[in-house]
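Colleague: using only what follows, build the 3D model:
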Amino acid sequence: MARFRASLLRRASAVAWVVLIIVAAQAVRTEIFVEPGFWIPMSALATLLIVSTAIRWEKMMATSAAPWISTAWLSGLVIGISALATVPELTATAQPILFGIAAVSGLLLAWWAHAFMTVFIGLAMTFIAFQLQLADAIPDVLAPVLTMATVAAATALVGMEFEREAVRAIEREIQIDEQRLDFERLYAVSSTLARAESLAEIVPHLIGTICKYLDAEVGVVLLYNPDRHRLEVMSPIWVNGYPVDADPMSLEISAPGMVTQAYRAAKPLLVKEVSQDTDAHILLHELGISQALVAPLKVEEMRVGVIIVGDPYEGSFNEEQAEQLGSLAAPAGLVLSQIGRYEAQAETTKRLEEVAQMKTDFVSTVSHELRTPLTSIIGSLDTVNRPELAPTEPTALRLLSTARSSAGRLQRLIDDLLVVSRIDRGAIPVHLEPLNVMKVLQEVNRVASVEPSLTVDPDDLVVEADQDHLTRILINLVENAAKYASESAIEIFAWVQSGRVMIAVVDHGPGIPQDQRERVFERFTQIDQSDTRTRGGTGLGLSIVRSLSEVMHGTVRVEETEGGGATFVVELPLAPVLQTIE
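Modeller: Residues are numbered from 1 along each chain as shown. The predicted model follows:
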């Protein structure tokens, strides 16, 4: 509004100069410029306009004396114009100028100053009328004065409405500026939070940014520890622009105090004076704070902790700053909560990984320790079972055969555990080489407990694989088929499809339900738990099959056999020498 009034005064001064020039020209034309009644008020008006031209109206209108300055300036114009109007040749020119001054005062002055100016101009017009004997009675004077008053009242109404709109516009502008500042602060805090990956990294940046915007010396974050049901000070804290390591400090949630009150009430608080004799200020006193803003860190209804901002560099904190801290604490609470959960989950994952590693190391160590005596046992049983040493009693022979079979099962179990241990450590060796598929299948038939039928197309099909791993895969699949489909025939087919070698182990037993076909490749998974005790097994075989297939750049899947049963298909790379086969 001050800018508008200053602009209006400058424009009024310019118009007054134009009017003054017109009056001077008329005085020259009528040859009255030498009369004292003209040149004295004319000189006074020119001096007033020269002074007003040099004045910095923006600065003047911004002071509390602005209404008095404007009233005095307009009064000077009225006095000068009224003095000129007493010259008969200039009366007709002066009267519209007084009407214009009355209109301008309605826009420029406060209501009381405008009322004064209207009365003052009315008196001036009455004085001119009687001085020049332009009216014989009061009613003749009232007509122009009332006309002037009407013009003044109309412009005053317009000015009042304009002033209300100007005030509203200024308020909106201030509100927009405040919102922009709030958004800038929120953006700065959010940007700070987005760059951090841990609480130790984020806390100093967070409190430093917030202290900067609230012009505070000290900033502290306290996070809620659900295990201890306490608010714990996060180190470092912020002091005079630098992070400072803090001693461990905490508060019971149920303890009295402004900090716990802000946490429980979930709203920001202003502490105007910290007293060392009051339990409510005990933590603030320990932090060396004399004034404080306290705001909860929360995510919707979940409270994460509290942020404290203390000791302004200048002046005192106010309620508006407390609300600002509350708005800045909202995104901080969300991110601190998420990072805290992430760190807790990461710590849990780390511990689980350590436990898993301990389990893997234990299994590996025990398996190696069992392997040595088991090898001696198997060697001894094989030696005793030689024809020249074998017992002649049928019962002894049967017991010897049972012991050898059980020792073989135990050996395969230990080998499976060792393979799983190496897979977990990522230390399983892989030696890929071209292998004749038929020779590998014949070796499987020699070692496995059953001999499936073999079909290979073409006969000289070559796969790129690790011989030990491929043999173990096929033995596991054959033994698995023999265990669950013992009454059915087992078949192995091998062929080339789209530049890949397909090896299928087919049985015609009960098959695997559709919803269980992915689970069978998980460790320690067996479809029929009731058969486990009678058929044996650990549930590791198919898990090893999938892992070994993947380390050889292959895959394995299970399909339904036509007519009933299960078909396990192993897909591996074709050896480079046969890549042209379709």
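
Colleague: drop to CA atoms for contacts and neighbour counts, all remaining ones
Modeller: Fine.

Colleague: list the buried residues in stretch 398-408.
Modeller: Of the residues in stretch 398-408, those with enough neighbours to count as buried (16 or more other C-alpha atoms under 10 Å) are 400, 404, 407.

Colleague: ok, these vs Val51, which is closest?
Modeller: Within these, proximity to Val51 (C-alpha to C-alpha) peaks at Ala407, which comes in at 119.1 Å.

Colleague: the closest one against Leu374, yeah?
Modeller: Yes - if you go by C-alpha atoms under 8 Å, Ala407 and Leu374 touch, sitting 7.2 Å apart.

Colleague: pairing partners for Pro573 in the sheet, please.
Modeller: Applying DSSP bridges to Pro573 gives these bridge partners: Arg500.

Colleague: okay, now it: neighbour count?
Modeller: 20 (other C-alpha atoms under 10 Å).

Colleague: again, but for Ile21
Modeller: 13.

Colleague: then it would be within a helix, right?
Modeller: Yes - according to DSSP: H, G, I helix; E, B strand; the rest coil, Ile21 belongs to a helix.

Colleague: ok, it to Ala27 distance?
Modeller: Going from Ile21 to Ala27 by C-alpha to C-alpha, to the nearest Å gives 10 Å.

Colleague: what about Thr395, which helix or strand?
Modeller: helix 394-425 (DSSP states H and E).

Colleague: report the distance from that helix to the chain centre.
Modeller: Between the centre of helix 394-425 and the centre of its chain there are 57 Å (C-alpha atoms, centre = their mean, to the nearest Å).

Colleague: same deal with stretch 465-478?
Modeller: Mean-position distance between stretch 465-478 and its chain equals 50 Å (C-alpha atoms, centre = their mean).

Colleague: how about stretch 41-51?
Modeller: With C-alpha atoms, centre = their mean as the basis, stretch 41-51 stands 66 Å off its chain's centre.

Colleague: so what touches that stretch?
Modeller: Outside stretch 41-51, the residues within contact range by C-alpha atoms under 8 Å, 6 or more residues apart in numbering are 13, 16-17, 20, 76-77, 80-81, 83-84.

Colleague: could you give the number of residues near Glu518?
Modeller: Around Glu518 sit 11 other residues, with neighbours defined as other C-alpha under 10 Å.

Colleague: quick check: the gap between it and Leu418.
Modeller: In this view, Glu518 and Leu418 are 24 Å apart by C-alpha to C-alpha.

Colleague: next SSE after the lowest-mean-pLDDT helix or strand in the chain?
Modeller: Sorting the helices and strands of the chain by mean pLDDT, DSSP states H and E puts helix 529-535 at the bottom, at a mean of 46. Scanning the chain past helix 529-535 towards its C-terminal end, the next helix or strand to appear is helix 541-551 (assignment: DSSP H and E).

Colleague: could you say what helices and strands that following helix packs with?
Modeller: Helices and strands in packing contact with helix 541-551 are listed as helix 394-425, helix 467-484, strand 555-560, strand 566-573; criterion 3 or more C-alpha pairs under 8 Å, 6 or more residues apart in numbering; DSSP states H and E.

Colleague: and the last one, how far out from the chain's middle?
Modeller: What separates the centre of strand 566-573 from the centre of its chain is 47 Å, taken as C-alpha atoms, centre = their mean.

Colleague: for that strand, packing partners?
Modeller: Strand 566-573 is packed against strand 462-465, strand 500-506, helix 541-551, strand 555-560, with contacts defined by 3+ C-alpha pairs under 8 Å, 6+ apart.

Colleague: I'd like the next helix or strand past the helix or strand containing Ile207.
Modeller: According to DSSP H and E, Ile207 maps onto helix 199-214. Heading C-terminal from helix 199-214, the first helix or strand you meet, by DSSP H and E, is strand 216-225.

Colleague: pLDDT on the helix or strand just after that following strand, on average?
Modeller: Using DSSP H and E, the helix or strand that follows strand 216-225 towards the C-terminus is strand 230-233. Per-residue pLDDT values across strand 230-233 average out to 87.

Colleague: could I get the CA-only coordinates of strand 230-233 as PDB?
Modeller: Extracted C-alpha coordinates of strand 230-233, given in PDB (Å, rounded to 0.1, in the frame of the first residue of the first chain):
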ATOM      1  CA  ARG A 230      12.900 -45.000  26.500                       C
ATOM      2  CA  LEU A 231      13.800 -42.000  24.400                       C
ATOM      3  CA  GLU A 232      17.600 -42.100  23.600                       C
ATOM      4  CA  VAL A 233      19.700 -39.200  22.400                       C
END
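
Colleague: domain ranges for the chain?
Modeller: Residue ranges of the domains in the chain are recorded as 2-170, 199-347, 433-578, according to automatic domain parsing.

Colleague: make JSON lines out of those domains and add distance to Ser380.
Modeller: Compiled in JSON lines, those are given as follows (distance: least, C-alpha to C-alpha, whole Å):
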{"stretch": "domain 2-170", "distance to Ser380": "102"}
{"stretch": "domain 199-347", "distance to Ser380": "50"}
{"stretch": "domain 433-578", "distance to Ser380": "20"}
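
Colleague: which of the ones you listed has the lowest mean pLDDT?
Modeller: Ranked by mean pLDDT, the domains of the chain end with domain 2-170 in last place, scoring a mean of 70.

Colleague: sorry, back to before: give me whichever of the helices and strands packed on helix 541-551 is most buried.
Modeller: Among the helices and strands packed on helix 541-551, strand 566-573 has the highest mean neighbour count (mean count of other C-alpha atoms under 10 Å), at a mean of 23.

Colleague: quick one: closest of the helices and strands packed on helix 541-551 to Asp460.
Modeller: Sorting those by C-alpha to C-alpha, the top spot, which is the nearest, belongs to strand 566-573 at 15.2 Å.

Colleague: that closest one to helix 541-551, inter-axis angle?
Modeller: 20 degrees (axes from the mean of the first three to the mean of the last three C-alpha atoms, to 10 degrees).

Colleague: got the angle between strand 566-573 and helix 467-484?
Modeller: Taking the same axes, to 10 degrees, one finds that strand 566-573 is oriented at 170 degrees with respect to helix 467-484.

Colleague: export strand 566-573 as PDB, just CAs?
Modeller: Coordinates of each C-alpha in strand 566-573 appear next as PDB, following Å, rounded to 0.1, in the frame of the first residue of the first chain:
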ATOM      1  CA  ALA A 566       7.000 -87.800 -13.400                       C
ATOM      2  CA  THR A 567       9.600 -86.600 -16.000                       C
ATOM      3  CA  PHE A 568      12.600 -84.600 -14.900                       C
ATOM      4  CA  VAL A 569      14.200 -82.700 -17.800                       C
ATOM      5  CA  VAL A 570      17.800 -81.400 -17.500                       C
ATOM      6  CA  GLU A 571      18.700 -78.800 -20.100                       C
ATOM      7  CA  LEU A 572      22.500 -78.200 -20.700                       C
ATOM      8  CA  PRO A 573      24.600 -76.500 -23.400                       C
END
